[in-house]
Each structure stands twice: as structure tokens, then as C-alpha cells.
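J.: Provide a 3D model corresponding to the input given below.
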Amino acid sequence: MNGVAAVKKRGVFNPQSDEPYKLSRSKLELFLQCPRCFYLDRRLGVSQPSMPPFTLNSAVDHLLKKEFDIHRAKHEPHPLMRHYGIDAVPFQHEMINEWRENFKGVQYYYRPANLVVTGAVDDIWINPQKELIVVDYKATSTNSEITLDSEYRQAYKRQMEIYQWLLRQNGFKVSNTGYFVYANGRKDKNAFDAKLEFNVQIIPHEGNDTWVENTVCDAQKCLIGDLPDISENCEYCNYRAAARKYE
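T.: Sure thing, here's the model as predicted:
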């Protein structure tokens, strides 16, 4: 692949355009991780190297959605919700499939920054107080206790809080409490036998979306400005800087 082919044109921010620019939840997270990489990606069309698709995780996600949809159609809670004492049912709405679709999702035009912020939720439940509950499916395989305390899982919390913010901006009443439905692949079985078994647990998170609006504004300022400095904590920035010495 030559240098020209590596630069993309579609989806790149044009500071001369008055058209609203679509900014996904994942790209907003990229801005938080490294403004320089965000600028290279969204403004200059130079993305970080892609990772292989997590197809097994996607399969778990797809099956969980189908499973919860069965109970959505019946207006009843999933047995896991009963097990964890969650007084809610899967939310029925004409937009639910679009809200869960990649590249569409829940959308909100944030006029002060001229940005359309988007995020595809995994699921939404509703409680008796008519509050929407953001739900995110996760898959892993670990013998350790699953918590939200590790550094990389802070991004999961921000992900949920962006979804909460988006739904609120669309006029919905949203609970601060969201839930992660975690499927943990078991490694204690005697054999594979052509199937992988999971333990599934629900972990609550008390969200706080007050940071989102300022972050959207900061991302817009980044896009219309100059290329940010190298981020010391970014492995991509450090790799490029180190490689540049020998190129």
C-alpha cells in the first residue's frame, strides 16, 4: 500500500464546510485518548492501524440481542433481570433497531459545535418510573472477578454515559443507572465439544454525563485548529516518533 492509498477521503472533516459533521461515539473516545490521533484520523484522513474484527464478541452480542428481543416482544423482564432484582423490561420503540445499528445509532445535532453526535446502543430497558436504562453487552474470558475498575474499562463507562447523554438530548427521561451484561467464557470445562459456555452477570454503573457536552466542544475546537502535539501516553504517537528517527 502506498502513502496516497493509505489516506482516506470519506468522512474527513472539512473546516470550510457549513454542513453538520457526523462524529461517532468511538471517534469522541479517540479524541479523549489522543487528540493528535483524532486529528490525523478525522481531519487528515490518516487512521490508526486497524485491529482484526472481534467476530466472537460480535456473535455473543448478536445472540444476546435476539434473546432479549424475545422478552421485549412479550413485555416481560429477562430472567437475568429478575435474578439481579432489576425492576424493568426491555424497551419497545419504533427506532430501537436503528438505535442499535452501526453507522446510525442514536443521533443528536449539537448546534453549538455543528456536530451530529452518534452512538449505537446494544439495548435499552425501561423501569416503572418510565426512565430509560442504557445497557451494554460485553464478552470476555477470565478467571478473575469482573469489575469496572481497570483502566481500560473506564472507556466502557464513558461509552455508556455518551449513550445516556444522547438519549437525554432526544427528550427521553434516562436513569443514571446503566447496566453491563457481561458474558464470561468458561475455561473450566473438561473439553471444548464444539461449544463454548458462558457465565453471564449484570454489573451496574452510575453514570454521569456532565462531561460530554464540553468534550464535544473541545473535539470541534481540535478539528478546526492545528495538529496537536504528540501525546506522551499514546503508543501510536510514541511508535511514530521512535520510527521517524530511523526513517
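J.: now do the SS call for the residue nearest in space to the middle of the chain.
T.: Nearest to the geometric centre of the chain sits residue 159, at 4.5 Å (C-alpha atoms, centre = their mean). Here residue 159 is helix, with the state taken from DSSP: H, G, I helix; E, B strand; the rest coil.
J.: also the one 5 residues further on?
T.: At residue 164, secondary structure determined by three-state DSSP is helix.
J.: if I pick it, what's in contact with it?
T.: Neighbouring residues of residue 164 by C-beta atoms under 8 Å, 6 or more residues apart in numbering: 134, 174, 176, 178, 207, 209. Every C-beta, even on glycine, is put in place using the N, C-alpha and C of the backbone.
J.: that one and residue 43, how far apart?
T.: To residue 43, residue 164 is 28 Å away according to C-beta to C-beta, to the nearest Å.
J.: about what we covered before: so which of the contacts of residue 164 wins on neighbours?
T.: Tallying neighbours with other C-beta atoms under 10 Å puts residue 134 at the head of these, with 29 neighbours.
J.: wait, a strand at that one?
T.: Yes. Counting by three-state DSSP, residue 134 is part of a strand.
J.: need the contact list for it.
T.: By C-beta under 8 Å, 6+ apart, the contact set of residue 134 is 121, 124, 160, 163, 164, 167, 174, 175, 178, 179, 207.
J.: from those residues, which ones fall inside helices?
T.: Judged by DSSP state H, helices contain the following of the contacts of residue 134: 160, 163, 164, 167.
J.: quick one: which of these is the most crowded by neighbours?
T.: When neighbours are counted by other C-beta under 10 Å, residue 163 leads the ones in helices among the contacts of residue 134 with 28 neighbours.
J.: which stretches of this protein have low pLDDT?
T.: Applying pLDDT under 70 to the chain flags residues 1-8.
J.: now do the strands in it.
T.: 21-24, 89-90, 106-110, 115-119, 123-126, 132-140, 177-185, 198-206 (DSSP state E).
J.: direction included, what does the fifth one pair against?
T.: The reference is to strand 123-126. Sheet pairing of strand 123-126 (DSSP bridges) gives strand 89-90 (antiparallel), strand 132-140 (antiparallel).
J.: repeat for the first one
T.: For strand 21-24, sheet partners with direction are given as strand 115-119 (parallel), following DSSP bridges.
J.: find the nearest non-adjacent residue to residue 30, please.
T.: Nearest residue to residue 30, sequence neighbours excluded (C-beta to C-beta, 6 or more residues apart in numbering): residue 38, at 4.8 Å.
J.: give me every residue that touches the one you found.
T.: By C-beta under 8 Å, 6+ apart, the contact list for residue 38 reads 27, 30, 31, 219, 222.
J.: what would those look like in TSV with distance to residue 154?
T.: Below are those laid out as TSV (distance: C-beta to C-beta, whole Å):
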residue	distance to residue 154
27	17
30	14
31	15
219	18
222	20
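J.: give me the buried subset of those residues.
T.: The neighbour count (16 or more other C-beta atoms under 10 Å) marks 27, 30, 31, 219, 222 as buried among the contacts of residue 38.
J.: surely the fourth one and residue 23 touch.
T.: Meaning residue 219. Yes. Using C-beta atoms under 8 Å, residue 219 is in contact with residue 23, at 6.6 Å.
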